[in-house]
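Visitor: With the sequence up front, the predicted model follows.
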Number of protein chains: 4
Amino acid sequence: MPHQISNDMRDCITNCSDCHSICVETSAHCLELGGEHAAAHHVHLLLDCAQICATSADFMLRGSELHAKTCGVCAEVCELCAEECEKMAGGDDVMRRCAEACRRCAESCRKMAA
Amino acid sequence: MPHQISNDMRDCITNCSDCHSICVETSAHCLELGGEHAAAHHVHLLLDCAQICATSADFMLRGSELHAKTCGVCAEVCELCAEECEKMAGGDDVMRRCAEACRRCAESCRKMAA
Amino acid sequence: MPHQISNDMRDCITNCSDCHSICVETSAHCLELGGEHAAAHHVHLLLDCAQICATSADFMLRGSELHAKTCGVCAEVCELCAEECEKMAGGDDVMRRCAEACRRCAESCRKMAA
Amino acid sequence: MPHQISNDMRDCITNCSDCHSICVETSAHCLELGGEHAAAHHVHLLLDCAQICATSADFMLRGSELHAKTCGVCAEVCELCAEECEKMAGGDDVMRRCAEACRRCAESCRKMAA
């Protein structure tokens, strides 16, 4: 019988998918701003976050039992990315929105990893 | 100055992202159903569609000028995937939902490719 | 100064990249064979393995400090995939080659995760 | 019967896979160099190239009939990326190696798209 995706997992998939999109868009924003926003360390953290979010979302969409492993790593990367984006946010809405998406994704990934 | 994403492009990104997720989930559904649903040709078309949708979405999120190229291919793959899913849908809601997502994505990708 | 990729990391990137390609090709092979080879559980494990390998390789190529996290998960997924492919290999060269690539990738990812 | 991957397609898969890896590594190199190398336009072109190469490689590994479409786009993106990397190469071996990988990939993708 086809696998069932629980409501919690549905939420986590949505959060991962949103976080992926926002991180890719924010990496472009940071490259365009230049300066500390375009520092290799920061842009890479955004790209790392985008990629592990996409990977975790796909594991859950496939109904893979191994999703807890990827969600565990995803929660850690998202948390670090949220912290960095918050520090750099100032009055910048794109950065703030990214921090919020990462925080939300970290929280639901922690649940799925538990 | 940071690139602006137009409303039409925003819609297309959402449609690509949704179509990606639904195609991955539907590929799992098809594998679990077995039979003609699990035919290599059909599962591959779903995975092709999922991957080109993710690629096109990322090109647009990066503000890349080359997005028209990926959206052009994406529109063609989505159209084929919509047709196949429709043929196999019968009373299956997952297949029908996939056909609709592919159709919607094909339409907005055609606009972006123009 | 540009980041340096060590010889061990270079090897791990190559192993992840090779394992990704072989898992995608083997998933197609399994779908074409049908039967237990095309079981959702097995095809998904191959796709999971392919995706986490690609993710880990990219983390290392970006010089991301977080690569140890993704390599840790990658080692676990590759190990499981190697075991399954070995069990199903019989006289099938594609399955055996996949098991070997997964085993090799698991080993070098374990080193990077340490 | 399992699909056969021709020698030309095998070469193209290898070229796409190598070009993906080199473009990701070069994007990190460019971010670390800063200046014109880290311009949004240039880094995005490298990331675009890396992603369409990975997509085309996977289409071919799945034995998808639609690979000619993705290879067509891949050839165009690789060609543009090769030209840009060549212009910026100067005495920089990383940039030169990237230009060569893109050129080689563009050539074999053009064959597959024909």
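Guide: In hand now; what should we look at? Numbers count the residues shown, from 1 in each chain, chains lettered A, B, ... in the order given.
Visitor: What count of nearby residues applies to the nearest residue to residue A:46 once chain neighbours are set aside?
Guide: Nearest residue to residue A:46 in three dimensions, chain neighbours excluded: residue A:27, at 4.1 Å (Cβ to Cβ, 6 or more residues apart in numbering or on different chains). For the C-beta atoms, the positions are set from N, CA and C on the backbone; glycine is no exception. Number of residues near residue A:27 (other Cβ atoms under 10 Å in any protein chain shown) recorded here: 27.
Visitor: ok, now residue A:7?
Guide: 7.
Visitor: That one and residue A:108: what is the separation?
Guide: Computed as Cβ to Cβ, to the nearest Å, the residue A:7 to residue A:108 distance reads 11 Å.
Visitor: Buried ones in the helix ranked longest in chain A, by neighbour count?
Guide: Ranked by residue count under DSSP state H, the longest helix found in chain A is helix A:7-33. Using 16 or more other Cβ atoms under 10 Å in any protein chain shown as the test for burial, helix A:7-33 gives A:9, A:12-13, A:15-33.
Visitor: elements contacting it?
Guide: helix A:40-61, helix A:67-89, helix A:93-113, helix B:7-33, helix B:40-61, helix D:40-61 (3 or more Cβ pairs under 8 Å, 6 or more residues apart in numbering or on different chains; DSSP states H and E).
Visitor: and the shortest one, what other elements does it pack with?
Guide: When contacts are defined as 3+ Cβ pairs under 8 Å, 6+ apart, helix A:93-113 packs onto helix A:7-33, helix A:40-61, helix A:67-89.
Visitor: The longest one vs helix D:7-33, what angle?
Guide: To tie it back to what came earlier, the one meant is helix A:7-33. If you take axes from the mean of the first three to the mean of the last three Cα atoms, to 10 degrees, helix A:7-33 sits at 60 degrees to helix D:7-33.
Visitor: and the angle for helix A:7-33 with helix A:40-61?
Guide: 150 degrees.
Visitor: now swap in the last one and tell me
Guide: Angular relation of helix A:67-89 and helix A:40-61 on a 0 to 180 degree scale: 150 degrees, by the same axes, to 10 degrees.
Visitor: Show me the shaky parts of chain A.
Guide: Across chain A, the ranges flagged by pLDDT under 70 are A:1-3.
Visitor: Name the nearest residue to the residue nearest the centre of it, ignoring sequence neighbours.
Guide: In chain A, the C-alpha nearest the mean C-alpha coordinate belongs to residue A:19, at 4.1 Å (Cα atoms, centre = their mean). Setting aside the residues directly before and after it, residue A:19 is nearest to residue A:105 in space (Cβ to Cβ, 6+ apart), at 3.9 Å.
Visitor: Confirm for me that the one you found is in contact with residue A:14.
Guide: No: the criterion here is Cβ atoms under 8 Å, and residue A:105 misses it with residue A:14 at 9.4 Å.
Visitor: shared neighbours of these two, which are they?
Guide: Counting by Cβ atoms under 8 Å, 6 or more residues apart in numbering or on different chains, residue A:105 and residue A:14 have no contacts in common.
Visitor: Let me see the contact set for the residue nearest to the centre of chain A.
Guide: A:49, A:50, A:53, A:78, A:101, A:102, A:104, A:105.
Visitor: Kindly confirm whether my reading is correct that residue A:97 touches residue A:23.
Guide: No: with contact defined as Cβ under 8 Å, residue A:97 and residue A:23 do not form a contacting pair (10.6 Å).
Visitor: Count the neighbours of the residue lying closest to residue A:75 once chain neighbours are set aside for me.
Guide: Distances taken as Cβ to Cβ, 6+ apart place residue A:109 nearest to residue A:75, at 3.8 Å, with adjacent residues excluded. Residue A:109 has 30 neighbours, counted by other Cβ under 10 Å.
Visitor: and if you look at residue A:63?
Guide: So residue A:63, with other Cβ under 10 Å, has 21 neighbours.
Visitor: Helix, strand, or coil at it?
Guide: With DSSP: H, G, I helix; E, B strand; the rest coil as the basis, residue A:63 sits in coil.
Visitor: For it, give its distance to chain C.
Guide: Going from residue A:63 to chain C by Cβ to the nearest Cβ, to the nearest Å gives 7 Å.
Visitor: Repeat that for residue A:85.
Guide: 15 Å.
Visitor: How many neighbouring residues does that residue have?
Guide: When neighbours are counted by other Cβ under 10 Å, residue A:85 comes out with 29.
Visitor: My guess is residue A:95 contacts residue A:83. True?
Guide: No: with contact defined as Cβ under 8 Å, residue A:95 and residue A:83 do not form a contacting pair (11.9 Å).
Visitor: which of the two has more neighbours?
Guide: Neighbours were counted for residue A:95 and for residue A:83 using other Cβ under 10 Å; residue A:95 has more, 21 against 15.
Visitor: Among the contacts of residue A:19, which one sits closest to chain C?
Guide: Distance to chain C, by Cβ to the nearest Cβ, is smallest for residue A:49 among the contacts of residue A:19, at 9.2 Å.
Visitor: OK, contacts around that closest one?
Guide: A:19, A:23, A:77, A:78, A:80, A:81, A:102.
Visitor: Please identify which of the helices and strands packed on helix A:93-113 is closest to residue B:68.
Guide: Taking Cβ to Cβ, helix A:7-33 is the member of the helices and strands packed on helix A:93-113 nearest to residue B:68, at 17.0 Å.
Visitor: how many degrees apart are that closest one and helix A:93-113 in direction?
Guide: Per the same axes, to 10 degrees, the angle that helix A:7-33 makes with helix A:93-113 is 150 degrees.
Visitor: Chain neighbours aside, what residue packs nearest to residue A:82?
Guide: residue A:102 (3.7 Å).
Visitor: so what's the one you found up against?
Guide: By Cβ under 8 Å, 6+ apart, residue A:102 lies in contact with A:19, A:22, A:23, A:49, A:78, A:79, A:81, A:82, A:85.
Visitor: Now distance to residue C:63 too, for the helices and strands packed on helix A:93-113, in JSON lines please.
Guide: Output for those, formatted as JSON lines (distance: least, Cβ to Cβ, whole Å):
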{"stretch": "helix A:7-33", "distance to residue C:63": "15"}
{"stretch": "helix A:40-61", "distance to residue C:63": "7"}
{"stretch": "helix A:67-89", "distance to residue C:63": "15"}
